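all I have is the shape, not the residue letters:
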């Protein structure tokens, strides 16, 4: 059955469209225009009570029952469990996937997101302070990722939902004022993932 994806053209939205393509799950996109405040509509709040995209509705959820899920990390874990893809069953192998997924959710998302915010400010003083603070941390996170990828192809040794989560934000590296020249291992990893057919489809699907 077809999964309903409620999203917008953002890093977090792209995580899920890419995952759905990689896992070969049928889905239908329902754009939620966050610029117009559509995420605050009563209908959407029933699906995503935190008023954030993305969210999904799976009519064939656990025990064959309809389920709605919000928060991109939770959605990725659910889809991995549902399909048995991109989420190792072995606990020892799964730990690294969970570590790097939480790393993205807790840092490599919130910090670059602040860069997005401060870049757009008109007040030069406010903009300068915010960018200095959050761009420094964003570059530190890129360096952590670059070191992790120095001797491995993927962040958790095998391709997983953790790579997809991180890719959604690395996709905006130019907006973060980050050049992969400074982080060559991240650049190699990024190019390899963006060349995957399912990733290309996930980024090409219209979310707005």
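Looks like it arrived, so ask away. Remember, it's a predicted structure, so these values are computed and weren't measured experimentally.

what residues does the worst-scoring helix or strand of the chain on mean pLDDT touch?
Using mean pLDDT, DSSP states H and E, the weakest-scoring helix or strand in the chain turns out to be helix 110-119, at a mean of 76. Applying CB atoms under 8 Å, 6 or more residues apart in numbering, the contact partners of helix 110-119 are 126-127, 129-131, 133-135, 137-138, 141, 169, 172, 175-177. Where you see a C-beta, it was placed from the backbone N, CA and C, and this is true even at glycine.

please indicate which of those residues are buried?
When burial is judged by neighbour count using 16 or more other CB atoms under 10 Å, the buried members of the contacts of helix 110-119 are 130-131, 134-135, 137-138, 141, 169, 172, 176.

ok, back up a step: and of the contacts of helix 110-119, the nearest to residue 89?
residue 169 (26.7 Å; CB to CB).

thought residue 107 was touching the closest one, still the case?
No: distance between residue 169 and residue 107: 9.8 Å, which falls outside the contact criterion (CB atoms under 8 Å).

and for residue 63, the neighbour number?
Applying the criterion other CB atoms under 10 Å, we find 6 residues in the vicinity of residue 63.

other residues contacting the host helix or strand of residue 15?
Secondary-structure element containing residue 15, defined by DSSP states H and E: helix 11-22. Where contact means CB under 8 Å, 6+ apart, the residues beyond helix 11-22 that reach it are 3, 5, 7, 27, 29, 52-54, 56, 72, 75-76, 79, 85-86, 109, 161, 164-165, 167-169, 171-172, 196, 198-199, 201-203, 205, 207.

okay, and which of the residues you listed map to helices?
72, 75-76, 79, 161, 164-165, 167-169, 198-199, 201-203 (DSSP state H).

picking up where we left off before, could you list the buried residues of the helix holding residue 15?
The neighbour-count check on helix 11-22 (16+ other CB under 10 Å) flags 11-22 as buried.

starting at the chain centroid, how far to that helix?
Per CA atoms, centre = their mean, to the nearest Å, the displacement of helix 11-22 from the mean C-alpha position of its chain is 7 Å.

and the angle from it to helix 110-119?
Counting by axes from the mean of the first three to the mean of the last three CA atoms, to 10 degrees, helix 11-22 lies at 130 degrees to helix 110-119.

tell me the mean pLDDT over helix 11-22?
Per-residue confidence for helix 11-22 averages out to 97 on the pLDDT scale.

domains in this protein, by residue range?
Residue ranges for the domains of the chain, per automatic domain parsing: 3-86, 91-198.

lowest average pLDDT across the ones you listed?
When these are compared by mean pLDDT, domain 91-198 comes last with a mean of 91.

could you work out the end-to-end span of that domain for me?
For domain 91-198, the separation between the terminal residues is 26 Å (CA to CA, to the nearest Å).
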